[in-house]
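Peer 1: coords please:
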Amino acid sequence: MLRQDQIKAAIDLQKSSFLKKDAGLGRESLIEIPVSDSYATVVTGIRRCGKSTLLLQLLKKEYSDAFYLNFEDIRLVEFETSDFSRLYDEIISRHLNVLFFDEIQFIDGWEIFVRQLLTEGFTVFVTGSNASLLSRELGTRLTGRHLPMELFPFSYREYVRLKNLEINENSLAEYLKVGGMPEYVKKDPDVRGTILPALVDDILMRDIAVRYSVRDADSLRKLAVYLMSNIGNLVSAYKLAGIFGIKSSTTILEYFSYFKNAYLFEFLPQFSWSLKSQAKNPKKVYSIDTGMVTEISGAYTENIGHKFENLIYLHLRRKHKSSEIFYFKEKGECDFVVFEKGKAKEVVQVCYAIDDLNFEREYSGLLEAMSFFNLKEGTIVTLNQKDLFKKDKMTVKMVPAHEYLS
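Peer 2: Model prediction:
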């Protein structure tokens, strides 16, 4: 429990520092923030991807003033459910109708408090670094009165704007290595080496081990490094059981869900009309940021092809929900099939460099997916090759990644 003066001091100091913060590069997602009367806007994403900065950009663009509070402040560590009444008094005393709450989901009963604020006509924005926790609580306690949005690290377009680079093969190769985590990208190469490993460790400990009461943090960390070293590969909880001291495939699956909830990894299912088969088949693993792969992967050799594939997946993921993207595998394989409203809309094959040895495999796999989903156009994304192929009224475009991502 906190005293009124303690809450007041935290609010005043936080807002002062929040408003002095550099708003930085205008995010592409700024124009996509959903706002509606009587609905809470909920922005989720991995830690340090720029959620607070996005709120600051929104404040400066749309509002003359707003109430801001980050619940991860050490001064609020003893904040309890009963303190919401004191917080409410502080909100009323400031005569502000727009409210920004960072990481409020750490406090029991927060959803009831937000629902009350919505009922009273306040405009509420909530950010959080755990997708499952937010969606579950909002669905049950706010009865659908929320507008969800996901924020990701810098896109390629944002990266080249920030760095003042040309859109070309060279900047794409740089982005592939560096990724898009704002703090990491903005630092000089000789001083940023510890940023992403420290962030991942923070996520593993605070967002996973502590939150889900994982006792064996060392095995959790080893599994994370393994996955980071195997992006673009198929992973199976059953086959991983017994490795890293984790004996149960059920526990592995739980860890997978924790990684996904914290936006650390994504697990891409194989397409099947059967939901049971989707759940049973091995999934492809992708990191939320290729810079993390650069810094954390334990692989002795850099698998540039899988890293490149990860980059294209993230581009698709920024535009679509994870439940709308699959990999396709029948006689051949196709890396990505994207659905909208239950219907396949796009098929994408990814290959870092097309040559005589792999062209037929990549081309045939894409054509098979196009035929299966009755699509007339498909795309092969490469590092720098461009071409056009037509067969049986189907058109395949081969495009360089810097064009595809821009």
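Peer 1: any low-confidence regions in the stretch 51-200 of the chain?
Peer 2: 133-140 (pLDDT under 70).
Peer 1: ranges for the helices of it?
Peer 2: Using DSSP state H, counting those that start in this stretch, the helices of the stretch 51-200 of the chain run over 51-62, 84-94, 110-119, 131-141, 156-163, 169-178, 182-186, 195-202.
Peer 1: Go through the first one and flag the buried ones.
Peer 2: The one in question is helix 51-62. 51-59 (16 or more other C-beta atoms under 10 Å). Every residue, glycine included, has its C-beta placed from N, CA and C.
Peer 1: of the residues you listed, closest to N261?
Peer 2: Among the buried residues of helix 51-62, K51 lies closest to N261 (C-beta to C-beta), at 15.5 Å.
Peer 1: relative to helix 51-62, how tilted is the helix or strand containing A9?
Peer 2: Element membership for A9, per DSSP states H and E: helix 4-20. Following axes from the mean of the first three to the mean of the last three C-alpha atoms, to 10 degrees, one obtains 70 degrees for the angle between helix 4-20 and helix 51-62.
Peer 1: hmm, back to that, among the helices of the stretch 51-200 of the chain, which comes closest to Q4?
Peer 2: helix 84-94 (5.1 Å).
Peer 1: What are the buried residues along the closest one?
Peer 2: Buried residues in helix 84-94 (16+ other C-beta under 10 Å): 84, 86-87, 90-91, 94.
Peer 1: sorry, back to before: want to try JSON lines for the helices of the stretch 51-200 of the chain, with distance to T395 as columns?
Peer 2: Shown next, in JSON lines, are the helices of the stretch 51-200 of the chain (distance: least, C-beta to C-beta, whole Å):
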{"stretch": "helix 51-62", "distance to T395": "38"}
{"stretch": "helix 84-94", "distance to T395": "57"}
{"stretch": "helix 110-119", "distance to T395": "49"}
{"stretch": "helix 131-141", "distance to T395": "37"}
{"stretch": "helix 156-163", "distance to T395": "25"}
{"stretch": "helix 169-178", "distance to T395": "24"}
{"stretch": "helix 182-186", "distance to T395": "36"}
{"stretch": "helix 195-202", "distance to T395": "40"}
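Peer 1: Could you point out which of those helices sits nearest A217?
Peer 2: helix 195-202 (9.6 Å).
Peer 1: in that closest one, what counts as buried?
Peer 2: Residues of helix 195-202 classed as buried: 195-196, 199-200 (neighbour count, 16+ other C-beta under 10 Å).
Peer 1: contacts for the helix holding A9?
Peer 2: 52, 56, 67-70, 73, 75-76, 79, 83, 86-87, 89-90 (C-beta atoms under 8 Å, 6 or more residues apart in numbering).
Peer 1: do stretch 363-372 as well
Peer 2: 328, 330-334, 337, 347, 349, 375-380, 389, 391, 394, 396.
Peer 1: of these, buried ones?
Peer 2: Listed as buried from these are 328, 332-334, 337, 347, 349, 375, 378-380, 396; burial here means 16+ other C-beta under 10 Å.
Peer 1: now the buried residues of helix 195-202 as a markdown table including distance to G26?
Peer 2: Putting those into a markdown table (distance: C-beta to C-beta, whole Å) gives the following:
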| residue | distance to G26 |
| --- | --- |
| I195 | 23 |
| L196 | 24 |
| L199 | 23 |
| V200 | 27 |
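Peer 1: Name the nearest of these relative to Y226.
Peer 2: Nearest member of these to Y226, counting by C-beta to C-beta, is V200, at 13.0 Å.
Peer 1: my read: that closest one touches L264, true?
Peer 2: Yes: V200 is in contact with L264 according to C-beta atoms under 8 Å; the separation is 7.0 Å.
Peer 1: Tell me the residues that contact both of these two, please.
Peer 2: A224.
Peer 1: Where do the strands of this structure begin and end?
Peer 2: 40-44, 67-70, 98-102, 123-128, 146-150, 234-235, 265-268, 283-287, 325-329, 333-340, 343-350, 377-382, 387-391, 394-400 (DSSP state E).
Peer 1: Adding distance to Y159, write these out as JSON lines.
Peer 2: Output for these, formatted as JSON lines (distance: least, C-beta to C-beta, whole Å):
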{"stretch": "strand 40-44", "distance to Y159": "20"}
{"stretch": "strand 67-70", "distance to Y159": "26"}
{"stretch": "strand 98-102", "distance to Y159": "25"}
{"stretch": "strand 123-128", "distance to Y159": "22"}
{"stretch": "strand 146-150", "distance to Y159": "18"}
{"stretch": "strand 234-235", "distance to Y159": "28"}
{"stretch": "strand 265-268", "distance to Y159": "20"}
{"stretch": "strand 283-287", "distance to Y159": "16"}
{"stretch": "strand 325-329", "distance to Y159": "22"}
{"stretch": "strand 333-340", "distance to Y159": "21"}
{"stretch": "strand 343-350", "distance to Y159": "19"}
{"stretch": "strand 377-382", "distance to Y159": "17"}
{"stretch": "strand 387-391", "distance to Y159": "26"}
{"stretch": "strand 394-400", "distance to Y159": "16"}
